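Colleague: this one's structure only:
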C-alpha cells in the first residue's frame, strides 16, 4: 500500500481485510512488527485523537514516530509559489515537506480545510499539493474533504455493533457555534454508502451537502445496494433509524464568509440531539460522533452519558485500524 | 498494581520492594520488558522532570509513551458538569480523558492544585474526578495534595544516603515569591513518617500545615515508631538534624487569595536556607528539594553547589523508581 | 566517543569512518543496536531538521529520545550566576541541565548564538558553560560558532557527489532580512578545508568572516593540501566552481547591533543566487544550503527547483550521519 488517502481507492474486500487485521493485532500483539520503521507525523492543523492514536499505534508495533505540529517553532511555513520570502516565514513547504518525509518510511499529513475557497476544498487542492512533494507512502490524517482514518474506524465500530447492509443510517447536521469543514460528513456519508446502507442526510434548509459529495456517495451506494436521500424533517429521517451519526458543517451558500453565515446559524440552536429525536427510531439506535463534541450544543449530556453513545469506542478504534493500516503499509512480512 | 496514587495505599514492605526493583533495573537493564506497552501521559499542569523522567523510564524498558500537555492545541478542555459548550472549549474531559486513557496500557495524570478552594484540594477532588473516568491502571504524577512519585524517589535517596529510622528529618518552609500547593510538603511529610523518622516541621507563624495533612502524618509516624512536631524556631528544629527538606507552601489562612497573602509573605524573605542554618545540625546533614528551586530565594548558591545538596540525585531517582513502578504495573512476567 | 562538539577534534580518518558507518547503517539497518538507550535532546533555540532527524536516527537504531524545547513550560531557565531568582524564571540551568542529562545515556544540546557579544560567541562561551555541567557524552546540535552535525552531513553529501580534494568550493554570503550567526559558515568553511578543497569565501565588503574563523580554516587547509581565499568579486569566485554553498551571516562590524546593520544590509539584496552566477562555473556545479532557505531572497526558485540543488539530499544525510554518530557513541558492541 503506497497511500491511504480516500476509502474510494480501495475495494470493500480490501477494507474488510484491514478491519480483520485490526482485530487480529488487538488480540495478538506484534510488538516487533515495525521495529526500526519510522512514521513522520505532519500536522498543519491541530489534533488530539489523531496525534496520539498514531503515536500509540506505531509504538505498539515497535516502530517510532516524530511530530511536526503547528505549535512548534517552524517559523511559519510558506506555501505560496513564486514568493519572495522576506517576511516572517523562513521556510517553504517545497523544502520542508520533502525533508520531513525523508526522515520516515511513511508520512501522515493533516491539512484541514482552509475554508476560504469552496472549490479548492472540494477538490482537496492543498492535500494534493503536499503529497506531490513526497516520495514515501502517505496517509491522509484529515484533509479539506476527507478523513479516511475516521471512516475506517467507524466501519469497525459499525461491525462491532453488528450493523448490516440496509440498516438505516442517518447523518445528521447539528448546531455548532462556528461553520466547520465538510471532511467528516463527506467521508462518513461515503463510508456508509460503501457499506450499502440506507442513508438519510438530515439537515436544515441551506445546509445541503455540495453536489460533488452527494454524487460520490450516490455512486458508492448504487454499486453496493444502498441508497442516499436528503431531508430537513426529523421524523422522516429518524423513522426506524439504527445509527445516527452527528456532525456539523458549513453552509455551502456562505462558504468562506462566516460573518454572513453568523446571521443564519443562531436560529438553528434546536439542532441539538436529545432523547425525543429517537421516538420513532429503532430501540437500540446508537449515537456516533467523531469527537471532539460540544455538550449541550450538538448533543445533550443524557445521550452522551447514556447507552446509545459509542463515541469512546469509535475513538479507540482509531488506534486499532491505524495499527492495521501501518502494518499493511510498512511491514516487510 | 492497578493504581499508584498515594504511598498510604502500600505497605512499607511493598515500598521497599519497589526500591529494590529500581536498583535491580538500574544495575541490570531490561530493555524489552515492556515492549509493545504504552503509557499515556496527561498533563493538565506544566512539568519538566516528571515529563522527561517518565518518557525515559518507559523507553528504557522498551515501551512507548505519548504526551498530552497544556501547550497542545487541545482547545481548552471543559471540566464543568451540565455546561452548554458554546464558548471556547471544544472538548469535555468526560470524552477526552477516557479516550486518552484508552490508547495506553496505563495513564499518568498530573493535575496540580487549582489553589482556589482549600477543601477541594485537601480531598484531591479533581484527581478523583479524573480517575473516575478511566478504566486502565493510573499513576498520580502530582495532584492537588499528593506527589507519590517524588516521595518514592526521595525514599530511595534517603536509602542511598543510609538514613535510618529515628534519624532526624526537618521539613522546612522556605520563602518563595508566590503561594505554592501543599502536594510536595504533604507527600514528603507522610513519606518521612512512614519511614519512622523523627520529624520537625519548621515554618513561620501562619504557615502551619492543615490538620488533615498533619493527622495523616501523625498516624503513619505512630505506626512506624516515629514522631511529628512543629515549630517556628530554627535552632530547635535543626538541632542534630540529619536531613533538611526544603519546600514552600501557601498559608492556609489565605488559601485562594494570593493578594491577601502578598501582604504577609514579603516579611519572610529571611527564610532562605544558608550555611548558618546548619550550626547545630549533624555534620553530614544533607539538603533535599524536589526542584525546581529558586536560587537565592529558597536556598543559597553555596548550599546548592556544596556537598550538602543531593537535589540532582533525587531527580535522577525519579526515573529509577518510576521504572520500577512501570515494571510492576505493566510487565506481564 | 565521549563528545561530538567540533570536527576539529577528529582526524580525517575518523570522519571517514563515520561516513562509512552511516552508509552501512542505511544499507543494513540495525533496529536493535541501541535498545534501552536514551538520547536527551535539549533545545535552547528553535529547530526543525535537527529535532526530527535526531528523533528518527535514534528510533531507527531502537533507542529512545525525549525533548526539552523552548516551547515547553520550562518557566524560563535562568543562566546568570549569583542571581536572586525572585522573578519569572523558576529554575536555573545549574539544576536543569544536569537533571536533563541524567535521564539520558547521551545528550544533544542546541544553544544558538545569542548574537550579543562577538567574543563570547567566537569562543562558544555558552556551549562550554552548558557542557561543563554534565557528565554524560554530549553532541553539539548547533552552538554559537559550530554546527558539526551539519558539516558531517555535508561531508557525506560531497562524497555522494564524488567531489574530491582540490575541487573548487565557494562559500557565498547571500542576502537575508536579518543578521544571522556564524555557526554554519564557520563550520562549513572548516569542513571544506579539512577535505583539502580550494575554497573561496565570496562576500560583500563589510562581511569578512572574523579572524579566528579564517585562521582555523587556513590551518586545516594547509594540513590537508587545500587553500582558502576571500573576495567580493562574483566572477573571480565562481570561475570553475564545483560547489557553491550559500549562507548568510552578520557583519562583524555591527555584531549585536542589528539596527546599525539594517542601514547596510538592504543594499545587498542582489546577493540572491541565480543561474547567471554559474556562467563561468563547472557545468555540473551544485548548490548547497543547510536549510531553512528563503526563496527569492538567498536563491531563486529556478536554482532550488533545478538540477543544481542538493539541499534535500543534505538534509536526508543529517539523519544518516547522526545514526552513525549515535551508534559510535552509544553502542556497546
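Modeller: Ah, there it is. All values derive from a computational prediction rather than experimental measurement. Residues are numbered from 1 along each chain as shown, chains lettered A, B, ... in the order given.

Colleague: residue of the stretch 51-200 of chain A nearest chain B, please.
Modeller: Here the stretch 51-200 of chain A gets closest to chain B at one residue, residue A:59, 2.9 Å apart by C-beta to the nearest C-beta. Bear in mind the C-beta positions are built from the backbone N, C-alpha and C, glycine included.

Colleague: right, and the helix or strand after the strand or helix carrying that residue?
Modeller: In the assignment (DSSP states H and E), residue A:59 maps to helix A:49-60. Later in the chain than helix A:49-60, the nearest helix or strand by DSSP H and E is strand A:64-68.

Colleague: between that following strand and strand B:64-68, how many degrees?
Modeller: 20 degrees (axes from the mean of the first three to the mean of the last three C-alpha atoms, to 10 degrees).

Colleague: helices and strands around strand A:64-68, which ones?
Modeller: Contacts defined by 3 or more C-beta pairs under 8 Å, 6 or more residues apart in numbering or on different chains; DSSP states H and E place strand A:64-68 against strand A:38-43, helix A:49-60, helix C:49-60.

Colleague: would TSV of those with distance to residue A:326 be doable?
Modeller: Listed next are the helices and strands packed on strand A:64-68 as TSV, based on distance: least, C-beta to C-beta, whole Å:
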stretch	distance to residue A:326
strand A:38-43	7
helix A:49-60	6
helix C:49-60	14
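
Colleague: could the ones you listed be laid out in a markdown table, adding mean pLDDT and mean neighbour count?
Modeller: Shown next, in a markdown table, are the helices and strands packed on strand A:64-68 (pLDDT from 0 to 100; neighbours: other C-beta atoms under 10 Å in any protein chain shown):
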| stretch | mean pLDDT | mean neighbour count |
| --- | --- | --- |
| strand A:38-43 | 97 | 25 |
| helix A:49-60 | 98 | 26 |
| helix C:49-60 | 98 | 26 |
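
Colleague: touching, residue A:36 and residue C:60? I think so.
Modeller: Yes: between residue A:36 and residue C:60 there is a contact under C-beta atoms under 8 Å: 5.4 Å.

Colleague: where do the contact lists of the two overlap?
Modeller: C:29, C:31 (C-beta atoms under 8 Å, 6 or more residues apart in numbering or on different chains).

Colleague: get me the contact residues on chain A for chain B.
Modeller: Taking C-beta under 8 Å from any C-beta of the partner chain, the part of chain A that reaches chain B is made up of A:29-32, A:46-49, A:51-53, A:55-56, A:59-62, A:69-71, A:177, A:291-297, A:301, A:304-305, A:311-312, A:315-316, A:319.

Colleague: filter those to the buried ones?
Modeller: Burial by neighbour count, judged by 16 or more other C-beta atoms under 10 Å in any protein chain shown, picks out A:29-32, A:46-49, A:51-53, A:55-56, A:59-62, A:69, A:177, A:291-297, A:301, A:304, A:311-312, A:315-316, A:319 from those.

Colleague: ok but residue A:98 is inside a helix, no?
Modeller: Yes: counting by DSSP: H, G, I helix; E, B strand; the rest coil, residue A:98 falls inside a helix.

Colleague: quick check, it in contact with residue A:133.
Modeller: Yes: counting by C-beta under 8 Å, residue A:98 touches residue A:133, with 5.3 Å between them.

Colleague: chain center to stretch A:177-184, what's the gap?
Modeller: 11 Å (C-alpha atoms, centre = their mean, to the nearest Å).

Colleague: measure how buried the spatially closest residue to residue A:329 that is not a sequence neighbour is and give me the count.
Modeller: With sequence-adjacent residues excluded and distances taken as C-beta to C-beta, 6 or more residues apart in numbering or on different chains, residue A:329 is closest to residue A:1, at 4.7 Å. Using other C-beta atoms under 10 Å in any protein chain shown, residue A:1 is surrounded by 16 other residues.

Colleague: so residue A:1 is in contact with residue A:137, correct?
Modeller: Yes: between residue A:1 and residue A:137 there is a contact at 6.8 Å, judged by C-beta under 8 Å.

Colleague: list the contacts of the residue minimising distance to the centre of chain A.
Modeller: Centroid-nearest residue in chain A, with C-alpha atoms, centre = their mean: residue A:147, separated by 2.8 Å. Applying C-beta under 8 Å, 6+ apart to residue A:147 gives the contacts A:140, A:183, A:184, A:187, A:290.

Colleague: 10 Å instead, please
Modeller: Residues in contact with residue A:147 (C-beta atoms under 10 Å, 6 or more residues apart in numbering or on different chains) are A:6-7, A:50, A:110, A:112, A:140-141, A:153-154, A:181-188, A:191, A:290.

Colleague: among those residues, which are located in helices?
Modeller: A:50, A:153, A:154, A:183, A:184, A:185, A:186, A:187, A:188, A:191 (DSSP state H).

Colleague: between those residues, which is closest to residue B:91?
Modeller: Closest to residue B:91 out of those is residue A:50 (13.3 Å), distances taken as C-beta to C-beta.

Colleague: who are the contact partners of the closest one?
Modeller: A:41, A:43, A:108, A:110, A:141, A:142, A:147, A:149, A:150, A:318, A:322.

Colleague: what do you get if the cut-off is 8 Å, keeping everything else the same?
Modeller: A:43, A:108, A:110, A:141, A:142, A:149, A:318.

Colleague: do the same with residue A:117
Modeller: A:255, A:256.

Colleague: now it: phi and psi?
Modeller: phi -120, psi 120 (degrees, to the nearest 10).

Colleague: how near is it to chain C?
Modeller: Applying C-beta to the nearest C-beta, to the nearest Å, the value for residue A:117 to chain C is 23 Å.

Colleague: so what's that residue scoring on pLDDT?
Modeller: Reported pLDDT at residue A:117 in the predicted model: 97.

Colleague: quick one: it from residue A:145, how far?
Modeller: Residue A:117 is 12 Å from residue A:145, where distance means C-beta to C-beta, to the nearest Å.

Colleague: also residue A:234?
Modeller: 27 Å.

Colleague: between the two, tell me which one has more neighbours.
Modeller: Here residue A:234 and residue A:145 are compared on neighbour count by other C-beta under 10 Å; more neighbours surround residue A:145, at 25 against 18.

Colleague: would you agree the more buried one is in contact with residue A:121?
Modeller: Yes: at 5.9 Å, residue A:145 counts as touching residue A:121 under the criterion of C-beta under 8 Å.

Colleague: which residues do these two both contact?
Modeller: Residues touching both residue A:145 and residue A:121 (C-beta under 8 Å, 6+ apart): A:113, A:181, A:182.

Colleague: and the lowest-mean-pLDDT helix or strand in chain A, what other elements does it pack with?
Modeller: Every helix and strand of chain A was ranked by mean pLDDT, DSSP states H and E. The lowest is strand A:77-78, at a mean of 88. Helices and strands touching strand A:77-78, by 3+ C-beta pairs under 8 Å, 6+ apart, are strand A:91-92, helix A:93-102.

Colleague: and those: which comes nearest residue A:260?
Modeller: Evaluated over the helices and strands packed on strand A:77-78, closeness to residue A:260 peaks at helix A:93-102, with 30.6 Å, by C-beta to C-beta.

Colleague: show me how far the closest one is from its chain's centre.
Modeller: 24 Å.

Colleague: what's the angle from that helix to strand A:64-68?
Modeller: 160 degrees.

Colleague: avg pLDDT for helix A:93-102?
Modeller: In this model, helix A:93-102 has an average pLDDT of 97.

Colleague: go through stretch A:202-218 and flag the buried ones.
Modeller: Quick answer for stretch A:202-218 (16+ other C-beta under 10 Å): A:202, A:203, A:204, A:207, A:208, A:209, A:210, A:213, A:214, A:216, A:217, A:218.

Colleague: what helix or strand is the last one located in?
Modeller: Right, the one you point to is residue A:218. helix A:211-224.

Colleague: and that helix, what other elements does it pack with?
Modeller: So helix A:211-224, by 3+ C-beta pairs under 8 Å, 6+ apart, packs with helix A:183-194, strand A:198-202, strand A:227-231.
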